[in-house]
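Asks: Have a look at this prediction, sequence included:
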Amino acid sequence: MPRIGSRQSTIYVQSPRVRQERARTQRVFLALLVLLVMLGGIGVGFAFLQTDGGVFFQQKYFALRARVQEMLPRSTQPEFVPPPLTAAVFTDDPTSVSLPSSVVRGKDVRNNERANETQQQEAAQLALESGHAPTTSPQFSLPPSVYLQSVKWEAQWWNNCGPATLGMYLSYYGRDDGQRLIAPITKPDPEDKNVSPNELAAYAERIGMRTLIRENGTLDQMKAFLANEIPVMIETAFDPPRKQQGWMGHYKLLVGYDDAQFTFMDSYNGPDQKISFQQTDNDWRAFNRLYFVVYPADREATVREIVGADWDDRVMYENAAHRARDDIQANSGDAFAYFNLGTSLNGLEQFEQAAAAFDQARLLKIPWRMMWYQFGVYRAYYETKRYDEILALADATLRGSDNLEESHYSRGLALVGLGRDTEARAAFEAALRYNKNFRPAQDALDAWGS
């Protein structure tokens, strides 16, 4: 027995259950602490990415990624769009007439020597009613050189040529949207290979600018825009010189010219690039010489004057078709000329001839990436009920890259035409999966009540 007055020590021994619960609590606390630190880091990182330094870091990251992608081995791709399953016989019987157009001089638009705007519109209407359109291009008296400042150059992120170039364009008007804001809206899928001019125009109009997309542009028209202090964006062929990437589409923002060349902002190669007039047209013609103008409302009269009779769609496509025919006459093996003719005949709703022109372009071999950017061939085949041709072409295109909403949508239309509604619905849903903002696919699903 312990003695009276002595001190006893009490030893507490934790049960295994208590030890396990305490260890579990410590692990949960540590995990929460790590999570909070990570969330804090993400928050700080996100805030940093909104700063100029963060944007610079993103640009460098995506530029490095592009260079690494260039060096990595790539899966084998076809060189050309496959030939048609069956080719329609191409026949063409063009007729057209000439009408006068007005003159742009320097920064001011003058019309003293030509018909006024009302007379021009009346003349254009007469041309439409007769089924003809003017073939002459406006003649311009221009300053020898122009350079538009205030354009902030931006290096594109991965597959981000369109949003980056539009961001540079908007910077001319004092906006700071940049591809950081434009890309999530115009291309929800970061891997999307193409942002079409219509998608870019929708963004610009959403922020209050006016836009115009035209085809059949001329070098003098581009100079006239620049002389009137309006940059202009063109869609062109592009083959990156550093590595053999192959033919692709690319936007250029024209900001100046001199007696031999244009100056343009290039989101891939850098600011103030130079390109000869001849090379500009050679690259540009692959896209039917498409140009895209963004401007404030108070410049619309100037834009209309430069565009001239081509402001009207039918007149524009008549002129473009005439130009394509001239190119074909000069070189009967010109695949791009036949493709441009198909595009223009689509615009004139002459779908049988358009489909035949597209067939000829495919037989003459057009670059396989053409179907990433231009979809008129699908329209011509759909209107002529060549549904199997659409499926074959869309499937071949999607084997090279599956995230092309336009090809999924065209597959859906063809499947509807063939009565395969379940597959068609899946195709429209695939288009929306890659671009939730792609309205035609949503409209197609809405027609089913979904």
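Replies: Sure thing, it's come through.
Asks: Report the contact partners of the nearest residue to residue 403 once chain neighbours are set aside.
Replies: Sequence neighbours aside, residue 434 is the residue nearest to residue 403 in space, at 4.6 Å (criterion: CB to CB, 6 or more residues apart in numbering). All C-beta atoms are positioned from the backbone trio N, CA, C, and that covers glycine. Contacts were defined as CB atoms under 8 Å, 6 or more residues apart in numbering; by that measure residue 434 touches 188, 189, 192, 403, 404, 405, 408.
Asks: again, only using 7 Å
Replies: Remark: with contacts taken as CB atoms under 7 Å, 6 or more residues apart in numbering, residue 434 is in contact with 189, 192, 403, 405.
Asks: cool, and residue 220?
Replies: Taking CB under 7 Å, 6+ apart as the contact definition, residue 220 lies against residue 140.
Asks: And for residue 251?
Replies: Contacts of residue 251 (CB under 7 Å, 6+ apart): 161, 162, 165, 233, 235.
Asks: So it lies in a strand, does it not?
Replies: Yes: secondary structure assignment (DSSP: H, G, I helix; E, B strand; the rest coil) places residue 251 inside a strand.
Asks: and it, what are its bridge partners?
Replies: Residue 251 forms beta bridges with residue 235, as assigned by DSSP bridges.
Asks: Quick check: it vs residue 142, distance?
Replies: The gap separating residue 251 from residue 142 is 24 Å, by CB to CB, to the nearest Å.
Asks: just residue 87 next, same as before
Replies: Applying CB to CB to residue 87 and residue 142 gives a distance of 44 Å.
Asks: What pLDDT is listed against residue 88?
Replies: The model reports residue 88 with a pLDDT of 86.
Asks: Strands of the chain, residue ranges please.
Replies: If DSSP state E is used as the criterion, the strands of the chain fall at 103-105, 108-110, 146-147, 210-214, 232-238, 248-257, 261-266, 270-276, 291-295.
Asks: Dump those strands to JSON lines, plus mean pLDDT and distance to residue 333.
Replies: Below are the strands of the chain laid out as JSON lines (pLDDT from 0 to 100; distance: least, CB to CB, whole Å):
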{"stretch": "strand 103-105", "mean pLDDT": "30", "distance to residue 333": "36"}
{"stretch": "strand 108-110", "mean pLDDT": "33", "distance to residue 333": "41"}
{"stretch": "strand 146-147", "mean pLDDT": "98", "distance to residue 333": "37"}
{"stretch": "strand 210-214", "mean pLDDT": "98", "distance to residue 333": "28"}
{"stretch": "strand 232-238", "mean pLDDT": "96", "distance to residue 333": "17"}
{"stretch": "strand 248-257", "mean pLDDT": "96", "distance to residue 333": "22"}
{"stretch": "strand 261-266", "mean pLDDT": "97", "distance to residue 333": "28"}
{"stretch": "strand 270-276", "mean pLDDT": "96", "distance to residue 333": "24"}
{"stretch": "strand 291-295", "mean pLDDT": "98", "distance to residue 333": "27"}
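Asks: Any chance of a markdown table for those, columns distance to residue 331?
Replies: Conversion of those to a markdown table gives the following (distance: least, CB to CB, whole Å):
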| stretch | distance to residue 331 |
| --- | --- |
| strand 103-105 | 31 |
| strand 108-110 | 36 |
| strand 146-147 | 32 |
| strand 210-214 | 25 |
| strand 232-238 | 16 |
| strand 248-257 | 22 |
| strand 261-266 | 24 |
| strand 270-276 | 20 |
| strand 291-295 | 23 |
